[in-house]
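> Quick one, what's the 3D model for this:
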Amino acid sequence: MLNKKTKNKQIAIFKGQRIRRVWDKKKEKWYFSVIDIIQILIQQANYQTARKYWNKLKERLKREGNQSVSNCHQLKFEAADGKFYLTDAANVETILRLIQSVPSPKAEPVKIWLARVGYERIEEINDPEKALNRSRDYWQRMGRSQKWIQQRMMGQEIRNKLTDYWKDNKVKERDEYAILTNIIHQEWSDLSVQEHKNLKKLKKQNLRDHMTDAELVFTALAELSTRQIAETMKTKGLERNKIPAKKGGRIAKNARKELEKKTGKKVISGKNFLASGWEKKKLKE
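Modelled structure (predicted):
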């Protein structure tokens, strides 16, 4: 049984398509969403259609006594609506066995991809700089400017310090992190995370990967303020940490309103990067 407290949610990219995965620290293995892999193999954009295909395949493999199905785990992954749901997940070895049961021209490319990304986390643990370089390279291929990349990485470092504080002070990963994050975001932007994603016409995409320079800066200010207030108040647990979340978000809101008053321009934007640069190229493939 996997220890859910030891996992970090991540997204991997295969030819422009996002595959959800979870890192198990104890076993030092990635666990991938099976349905995300199935979607690619059967070249099906509709998630529900892919889910039905997987359910039928799973039943057949069980009847045949295939051990791969029993090696799948039910783990929580974020869905398009921003909520977390239990879904089948499997490590690299199991995914490779399952691929053999799906007739697909994508089978071999997916196998090669898995061999590469399935073990990259171990390399990053030994050399954290590789993770930073990989992220930087990913954003460069997506057509982001150097200025944007610097702000994105700065914001991520601020975010990591905040979640480290939460982790050390009795805030549970995933669900409670999401609740506090939404409070901070709502306070500074006057929009929930999901409302902001809707404004930008995003589905599975990471909101921060589609923020403007200004949105990144104010998100970072809100989270930096939240952590420093929490450290001063020494807050523990979800309920107590809602207080610095609101106060930190309000500091960024006041700064946002002051800037908007001076410039006459709105900080919150419906712009995204979906139809530009690297992502546009990938959409055509």
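> where exactly do the helices run in the stretch 101-250 of the chain?
107-117, 120-126, 128-141, 146-168, 175-189, 193-199, 213-233, 237-263 (DSSP state H, counting those that start in this stretch).
> Can you say which of the ones you listed is nearest to R51?
R51 lies closest to helix 107-117 among those, at 18.1 Å (Cβ to Cβ). Yep, even glycine has a C-beta here, placed from its N, CA and C like the rest.
> Check the offset of the closest one from the chain's centre.
Relative to its parent chain, helix 107-117 has a centroid offset of 21 Å by Cα atoms, centre = their mean, to the nearest Å.
> Over to stretch 206-225?
15 Å.
> Run through who's touching it.
For stretch 206-225, contacts defined as Cβ atoms under 8 Å, 6 or more residues apart in numbering pick out 11, 139, 142, 147-148, 151-152, 154-156, 158-159, 162, 184-185, 187-189, 193, 196-197, 200, 202, 247-249, 251-253, 255-256, 259, 267-269, 271-274.
> Of those, keep whichever come out buried.
139, 142, 148, 151-152, 155, 158-159, 162, 184-185, 187-189, 193, 196-197, 200, 202, 247-249, 251-253, 255-256, 267-268, 272-273 (16 or more other Cβ atoms under 10 Å).
> low-confidence ranges in this structure?
1-9, 118-134, 275-285 (pLDDT under 70).
> can we see that at 80?
Along the chain, segments meeting pLDDT under 80 span 1-10, 25-28, 67, 80-82, 115-138, 141-142, 173-174, 204, 275-285.
> what residues go with each domain of it?
Structurally, the chain divides into domains by automatic domain parsing as follows: 4-126, 129-284.
> Would you mind listing the buried residues in stretch 37-47?
Neighbour-count burial for stretch 37-47 [16+ other Cβ under 10 Å]: I37, I38, Q39, I40, L41, I42, Q44, Y47.
> Not counting its neighbours along the chain, what's nearest the first one?
Setting aside the residues directly before and after it, I37 is nearest to I95 in space (Cβ to Cβ, 6 or more residues apart in numbering), at 5.9 Å.
> Please report how far the one you found lies from Y31.
Distance of I95 to Y31, computed by Cβ to Cβ, to the nearest Å: 9 Å.
> Check R208 too.
The gap separating R208 from Y31 is 23 Å, by Cβ to Cβ.
> cool, and I112?
Taking Cβ to Cβ, one finds I112 at 19 Å from Y31.
> try I251
For I251, the distance to Y31 - Cβ to Cβ - is 38 Å.
> What of N182?
Noted for N182: a distance of 25 Å to Y31, by Cβ to Cβ.
> Of the two, which one has the most company?
Y31 (24 against 18; other Cβ atoms under 10 Å).
> Leaving out chain neighbours, which residue sits closest to the more buried one?
Of all residues not flanking Y31 in the chain, A89 sits nearest, at 4.2 Å (Cβ to Cβ, 6+ apart).
> What number of residues are in the vicinity of the one you found?
For A89, the count of nearby residues is 26 (other Cβ under 10 Å).
> Just confirm it contacts N71, I think it does.
No - using Cβ atoms under 8 Å, A89 makes no contact with N71, being 10.2 Å away.
> so what sits against both of those two?
Shared contacts of A89 and N71 (Cβ under 8 Å, 6+ apart): none.
> Tell me where the stretch 1-150 of the chain has strands.
With DSSP state E, counting those that start in this stretch, the ranges of strands along the stretch 1-150 of the chain come out as 7-14, 17-24, 29-33, 73-78, 84-91.
> could you check the distance from A79 over to Q48?
With distances taken as Cβ to Cβ, A79 is found 11 Å from Q48.
> Of those two, give the one with the bigger neighbour count.
Neighbour tally, A79 and Q48, criterion other Cβ under 10 Å: the higher count belongs to A79, 14 against 9.
> Would you mind confirming that the more buried one makes contact with Y85?
Yes - look at A79 against Y85 with Cβ under 8 Å: they come within range, at 5.3 Å.
> residues touching the residue nearest to Y31, list them.
Neighbouring residues of A89 by Cβ under 8 Å, 6+ apart: R21, V22, Y31, F32, S33, V34, C72, H73, Q74, L75, F77.
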